[in-house]
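> Generate a structure from the sequence data that follows.
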Amino acid sequence: MADGKRMATARKTVDREKLYPASEAVKIVKGNAKAKFDETIEVAMNLGVDPKHADQMVRGVVNLPRGTGKTVRVAVFAKGPKAEEARRAGADLVGDTDLADKINAGEMGFDRVLATPDMMPLVGKLGKVLGPRGLMPNPKLGSVTMDISGAVKAAKGGQVEYRVEKAGIIHAGIGKASFSEDAILENFKAFVDAVTKAKPPGAKGSNYVLGVALTSTHGPGVKVDVGSFTS
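Below you'll find the predicted structure:
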């Protein structure tokens, strides 16, 4: 009941028809994040694409300048010196066939998967397990690389993967309610800028970014005027 009252009160602070300047939207969202835990600040972007068509798929990574505020667990497929490099960089799980066996057995205690190129024949056999969870390493996203140390540090330091869903919407966490307004705003701008620049060849005309909203885990959404910082 308390949660319902809190949400009802929070909704009164938001005009659902209004497009708010980014800085004002951040202020409102942060102010409404009053749960007993550190809520995640999330962005949703509605794009004018149909991801069923390959030339309209939007997918990539962005390094959030202020980090995510989330502890990211990284699994790395590598062996020999590259496995040691991964461990030194802070990877949580490192292995080859032994790591594949753990994953096949249902051990999924990680958020990102990285691999050296020579490991991909092995990792490819895990496609049915990793693919649906968005965890399959991809060279275009920098998760198949010989620079394992750099990839591990990036994954743990604020790198966020994004991928458009069937309805043409991208969701991502870009920080925590405990972040300062400036930090949230900086991350928000970096994320929106990255997705905007990732406009695929099949998205023609000016109707690519149809709408952007900010919210917290238990707060109402706030529509953002993207032109307030992209013009």
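
> switch to C-alpha atoms for all contacts and neighbour counts from now on
OK.

> Mind picking out the helix or strand in this protein with the poorest mean pLDDT?
Using mean pLDDT, DSSP states H and E, the weakest-scoring helix or strand in the chain turns out to be helix 227-230, at a mean of 66.

> what does the longest helix along the chain rub up against?
Ordering each helix of the chain by length in residues (DSSP state H) puts helix 181-197 first. Contact partners of helix 181-197, identified using C-alpha atoms under 8 Å, 6 or more residues apart in numbering, comprise 22-23, 26-27, 30, 41, 43, 58, 60-67, 174-176, 209, 229.

> For Val222, grab the count of nearby residues.
For Val222, the count of nearby residues is 27 (other C-alpha atoms under 10 Å).

> Give me the phi and psi angles of it.
In terms of degrees, to the nearest 10, the main-chain angles of Val222 are phi -130, psi 120.

> Quickly list what it is bridged to.
Per DSSP bridges, the residues bridged to Val222 are Leu214.

> Might you report the residue contacts of it?
Here Val222 is in contact with Val14, Arg16, Leu19, Tyr20, Ala25, Ile28, Val29, Ala213, Leu214, Thr215 (C-alpha under 8 Å, 6+ apart).

> okay, and for this protein, where does confidence drop off?
Residues of the chain meeting the criterion pLDDT under 70: 1-3, 6, 228-231.

> Could I get the full set of strands for this structure?
40-47, 59-63, 74-77, 93-95, 112-115, 159-163, 169-176, 209-216, 222-223 (DSSP state E).

> Cool, thanks, talk later.
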